[in-house]
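K.L.:
Have a look; sequence and predicted model below, questions after that.
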Amino acid sequence: MEDLSLHILDIAENSVKAQAKLITIAIEESKEKDLLTVNIMDDGQGMNEETKAKALDPFFSTKKERRIGLGLSLLKEAALTANGRFSLESEPNRGTEVTATFQASHIDTKPLGDIPQTLITLIVGNPAVDLLYRHKTDESEYVLDTKEIKSQLNGIPINSPEVLHIIKKDIREGLAKLRR
């Protein structure tokens, strides 16, 4: 995977398959601490200790159509290669939390990639799942909460083209403000 947004998409899709109703994605960029942290949490089925231990094995997958589960193992490798850390916490019926931290200035730290498109892809494909996205820098923060958006739509589907256009514009503008 070329960038972190693809890792995020893969892990969030796993959350959907684990019957999550809420997926929280948090990105923190700190120039002061020279850190980039990606955290993905869900309220899905979670994993028992045996499955959790196997989840980082690239040749293990719970998916029937694909027998290789590279997502978590590749994210772990990317974090460790960039002088970072990786953790996987999970409990049955309580969900899963994945955290990858990177040394932001490290030459091997992958770029974030197209976060707006990743979020839109998740919303389009999983309109019943609530998505909470937080992106924080040393100076500012952007938050997208689809539960809040849905409460204001008066029955209009969140994945309708008009709504998606507005959400994508909001994400792009919100993330652009973080860069200023």
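P.N.:
In hand now; what should we look at?
K.L.:
how about the strands of the protein, start to end?
P.N.:
Assigned by DSSP state E, the strands in the chain fall at 22-30, 35-42, 85-91, 95-103, 130-136, 141-145.
K.L.:
What's the mean pLDDT across the first one?
P.N.:
pLDDT averaged over strand 22-30 equals 98, rounded to a whole number.
K.L.:
again with the shortest one
P.N.:
In this model, strand 141-145 has a mean pLDDT of 98.
K.L.:
What about Lys150, how many residues nearby?
P.N.:
Around Lys150 sit 17 other residues, with neighbours defined as other C-beta atoms under 10 Å. From N, CA and C alone the C-beta is placed, and that goes for glycine too.
K.L.:
Excluding covalently adjacent residues, which one is nearest to it?
P.N.:
Ile158 (5.5 Å; C-beta to C-beta, 6 or more residues apart in numbering).
K.L.:
so what's the one you found up against?
P.N.:
By C-beta atoms under 8 Å, 6 or more residues apart in numbering, the residues touching Ile158 are 123, 127, 146, 149-150, 164, 167.
K.L.:
Where helices are concerned, which of the residues you listed count?
P.N.:
Here DSSP state H is the test, and the contacts of Ile158 give 123, 146, 149-150, 164, 167 as lying in helices.
K.L.:
In this protein, where is pLDDT below threshold?
P.N.:
Across the chain, the ranges flagged by pLDDT under 70 are 1, 58-70.
K.L.:
Swap in 90 and give it another go.
P.N.:
1-2, 50-71, 179-180 (pLDDT under 90).
K.L.:
quick one: contacts for Thr121?
P.N.:
When contacts are counted by C-beta under 8 Å, 6+ apart, Thr121 is found next to Leu9.
K.L.:
swap the cut-off to 10 Å and go again
P.N.:
By C-beta atoms under 10 Å, 6 or more residues apart in numbering, the contact set of Thr121 is 5, 9, 12-13, 114.
K.L.:
Please report how far it lies from Val38.
P.N.:
For Thr121, the distance to Val38 (C-beta to C-beta, to the nearest Å) stands at 17 Å.
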